[in-house]
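Student: The following block contains a protein sequence and its predicted model.
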There are 2 protein chains.
Amino acid sequence: MASQALPYRPHNHQACVSQALADARAICRAQNARLTPTRERVLELIWQSHKPLGAYDVLAELTAEGQSAAPPTVYRALDFLQQHGLVHRIASLNAFIGCAHAGENHTGMFLICRSCGNVLELKAPGVSGAIEGAAKAEHFKAEDVTLEIAGLCPRCQAENRHD
Amino acid sequence: MASQALPYRPHNHQACVSQALADARAICRAQNARLTPTRERVLELIWQSHKPLGAYDVLAELTAEGQSAAPPTVYRALDFLQQHGLVHRIASLNAFIGCAHAGENHTGMFLICRSCGNVLELKAPGVSGAIEGAAKAEHFKAEDVTLEIAGLCPRCQAENRHD
DNA sequence: GGAAATTTGATATATTATAACATTTCCGGA
DNA sequence: TCCGGAAATGTTATAATATATCAAATTTCC
Ligand SMILES: [Zn+2]
Ligand SMILES: [Zn+2]
Ligand SMILES: [Zn+2]
Ligand SMILES: [Zn+2]
């Protein structure tokens, strides 16, 4: 099924990483923010796949590379990356994933496969509109939306069909 | 504004608690589940307000009452209550809140006021439909939806208007 | 060059959640 | 009524996630 989204099928993932890093450099330059080596390396590690990575997974990779790193090292870098819209935190997993729409001013909607662990980030304007409408109906001023959907991706549905 | 939802305005909250406990007893009886004293007490504590309560807050109240309780005591009770649809976990806060629609087969949508801390649970079928539509468009089988909206409730918007 | 601001290093600790195993309680059938 | 298995609880230890605090280094900008 060629129309399947990237995370759920084989693809040249190195291209995802390169693109994400290039975007990040451009965004930080535009915002006068400093994408220091540690921050950039953390972003690259987060992008090593389309599966969310825990802060301590990142930390383990950094220390394996010989960097002197402690938890605050990682959390600071992740905070910076979140603030500049380069990564998202997945609250239901306590983990982090690269933003697939960096710089696009969006509220993320995440489809999380409980079998393969891959995550697809959608923009889904229809959903955002419905959410804002529901909030407005309650006179609630929405500022930050957490929308995470766990289930089975197309590939894993197909695989499990033979159980 | 009389149309404001309960959590955001003064009301006879004891009625909320009584109703929730009565519903819980009925639901457990119908499902042949045992609402033991500890489980019922934890549910009552969770319902002590419309603000989510952390597991360790519940634990502190239990020990203050002289009960011999440890973290597993609380987490087990909360697991039971979640499994029977009596409480929800708010992933973005690591906290728990009583379900406002117990027994109604719904996916919760939570409006979380960052100022007063109160949470309103909505049913919002339009939102659920839009989410399912977006998932289906990606051939994703949605199983569990986390939808949490942080912002300002009507009351806190009005109060902060004079800053 | 030097003061102020930002970033990083380093240590300690807070907060949230689960593993593992022993003991007790409950409940249905002999 | 008593027994046996299942469910629930008690208890201790530990895992996993996240933050506080203060010192040192680096960058920025005048
Ligand atoms: Zn990729
Ligand atoms: Zn995004
Ligand atoms: Zn109430
Ligand atoms: Zn509910």
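Tutor: Noted; the coordinates are in hand. Ligands and ions are numbered 1, 2, ... in the order given.
Student: Show me what the longest helix along chain A packs onto, helices and strands only.
Tutor: Taking DSSP state H as the criterion, chain A has its longest helix at helix A:13-30. On a contact count with 3 or more C-beta pairs under 8 Å, 6 or more residues apart in numbering or on different chains; DSSP states H and E, helix A:13-30 meets helix A:37-46. Where C-beta positions appear, they are placed from N, C-alpha and C, glycine not excepted.
Student: got the angle between the next helix or strand after the helix it packs on and helix A:37-46?
Tutor: Sequence-wise, the next helix or strand downstream of helix A:37-46 (DSSP states H and E) is helix A:55-64. Relative orientation of helix A:55-64 versus helix A:37-46 (axes from the mean of the first three to the mean of the last three C-alpha atoms, to 10 degrees): 120 degrees.
Student: Can you name the residue of chain A nearest ligand 3?
Tutor: For chain A, the residue closest to ligand 3 is residue A:138, as judged by C-beta to the ion, at 15.7 Å.
Student: and that residue, what pLDDT?
Tutor: We have a pLDDT of 97 for residue A:138.
Student: ditto for residue A:2
Tutor: At residue A:2, the model reports a pLDDT of 49.
Student: so how far is residue B:85 from the residue of chain A closest to ligand 3?
Tutor: 22 Å (C-beta to C-beta, to the nearest Å).
Student: Close to chain B: what parts of chain A are there?
Tutor: Neighbours of chain B within chain A, by C-beta under 8 Å from any C-beta of the partner chain: A:1, A:4-5, A:91-92, A:109, A:111, A:113-114, A:120, A:122, A:124, A:126-127, A:129-131, A:133-135, A:138-154, A:157.
Student: which parts of stretch A:60-72 are buried?
Tutor: A:61-62, A:69 (16 or more other C-beta atoms under 10 Å in any protein chain shown).
Student: Next up, phi/psi of the residue positioned nearest the centre of chain A, please.
Tutor: The centre of chain A sits closest to residue A:97, judged by C-alpha atoms, centre = their mean, with a distance of 2.7 Å. The phi and psi values for residue A:97, taken as degrees, to the nearest 10, are phi -140, psi 150.
Student: List the contacts of it.
Tutor: A:46, A:50-53, A:87-88, A:90, A:110, A:119, A:121 (C-beta atoms under 8 Å, 6 or more residues apart in numbering or on different chains).
Student: same thing but 10 Å
Tutor: A:7, A:46-47, A:49-53, A:87-90, A:108, A:110, A:112, A:118-121 (C-beta atoms under 10 Å, 6 or more residues apart in numbering or on different chains).
Student: tell me, how many neighbours does the nearest residue to residue A:13 once chain neighbours are set aside end up with?
Tutor: The shortest distance from residue A:13 to any non-neighbouring residue, by C-beta to C-beta, 6 or more residues apart in numbering or on different chains, is to residue A:49 (7.1 Å). By other C-beta atoms under 10 Å in any protein chain shown, 17 other residues sit near residue A:49.
Student: Might one say that residue A:49 is in contact with residue A:117?
Tutor: Yes. In this structure, residue A:49 is within contact of residue A:117 by C-beta atoms under 10 Å, at 8.5 Å.
Student: intersection of neighbour lists for these two?
Tutor: Residues touching both residue A:49 and residue A:117 (C-beta under 10 Å, 6+ apart): residue A:7.
Student: Nearest residue to whatever residue of chain A ends up closest to ligand 4 in space, please, no chain neighbours.
Tutor: Across chain A, no residue is closer to ligand 4 than residue A:134, which sits at 14.8 Å (C-beta to the ion). The spatially closest residue to residue A:134, leaving aside those adjacent along the chain, is residue B:124, at 4.4 Å (C-beta to C-beta, 6+ apart).
Student: Next: residue A:126.
Tutor: In space, and not counting its chain neighbours, residue A:126 is closest to residue B:130: 5.1 Å by C-beta to C-beta, 6+ apart.
Student: For that neighbour, give me the backbone phi and psi.
Tutor: phi -60, psi -40.
Student: And it, how far from residue B:145?
Tutor: Taking C-beta to C-beta, one finds residue B:130 at 11 Å from residue B:145.
Student: neighbour-wise, which of the two wins?
Tutor: Neighbour comparison, residue B:130 and residue B:145: the larger count goes to residue B:130, with 22 against 19 (by other C-beta under 10 Å).
Student: how about that one, what does it touch?
Tutor: Per C-beta under 10 Å, 6+ apart, neighbours of residue B:130: A:109, A:124-131, A:133-134, B:124.
Student: Most neighbours among these, which one?
Tutor: residue A:127 (26 neighbours).
Student: who are the neighbours in contact with the spatially closest residue to residue A:48 that is not a sequence neighbour?
Tutor: In this structure, residue A:48 finds its nearest non-sequential neighbour in residue A:17, 7.5 Å apart by C-beta to C-beta, 6+ apart. By C-beta under 10 Å, 6+ apart, residue A:17 lies in contact with A:43-49, A:98.
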